[in-house]
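[1] Fold the following.
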Amino acid sequence: MGKEFVLGMTALGAGLAAIGCIGGGIGTGNATAKAVESIARQPEASGKIMTMLIIGGALSEATAIYSLLISILLIFVGVK
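    Got it, this is the predicted structure:
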């Protein structure tokens, strides 16, 4: 296989890995919308709702960061 082919496939893999960042954004947005709805319905439970929102948001964004990390690694390792 030629070097150009390997570099092309590396770029394609990095692009596909970066798609995982979209999921993190959508998940965090949906969770925030539901948390706001829940607080509007039951303001007395806002402390518990916010705690769960922060934990869920952190997990969702961690997934996006891992996807970004994998795509960056593919780009810089594929350059060699």
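[2] Ala31: neighbouring residues, count only.
    Counted with other Cβ atoms under 10 Å, the burial measure for Ala31 works out to 17 neighbours. Glycine gets a C-beta too; all of them are placed from N, C-alpha and C.
[3] what's the spacing between it and Ser71?
    24 Å (Cβ to Cβ, to the nearest Å).
[4] So in this structure, which helix runs the longest?
    The longest helix of the chain (DSSP state H) is helix 46-78.
[5] quick one: low-confidence ranges for this protein?
    1, 78-80 (pLDDT under 70).
[6] Grab the most central residue of it for me.
    Ala64 (2.0 Å; Cα atoms, centre = their mean).
[7] I figured that one hits Ala17, correct?
    No - the pair Ala64 and Ala17 fails to qualify as a contact (Cβ atoms under 8 Å) at a distance of 10.9 Å.
[8] Which helix or which strand is home to the nearest residue to the residue nearest to the centre of the chain once chain neighbours are set aside?
    In space, and not counting its chain neighbours, Ala64 is closest to Gly24: 2.7 Å by Cβ to Cβ, 6 or more residues apart in numbering. For Gly24, the host element (DSSP states H and E) is helix 20-41.
[9] Packing partners of that helix?
    In terms of contacts (3 or more Cβ pairs under 8 Å, 6 or more residues apart in numbering; DSSP states H and E), helix 20-41 is packed against helix 46-78.
[10] returning to that earlier point: now the longest helix of the chain and helix 20-41, what's the angle there?
    Computed by axes from the mean of the first three to the mean of the last three Cα atoms, to 10 degrees, the angle separating helix 46-78 from helix 20-41 equals 170 degrees.
[11] and helix 46-78, how far from the chain's centre?
    Centroid separation between helix 46-78 and its chain, computed with Cα atoms, centre = their mean, to the nearest Å, is 5 Å.
[12] Val53: neighbour count?
    No, residue 53 isn't Val; it's Leu. Neighbour tally, Leu53, other Cβ under 10 Å: 19.
[13] That one: what's it in contact with?
    31-32, 35 (Cβ atoms under 8 Å, 6 or more residues apart in numbering).
[14] Please determine how far it is located from Gln42.
    For Leu53, the distance to Gln42 - Cβ to Cβ - is 14 Å.
[15] do the same with Lys48
    Taken as Cβ to Cβ, the span from Lys48 to Gln42 is 9 Å.
[16] Noted, bye for now.
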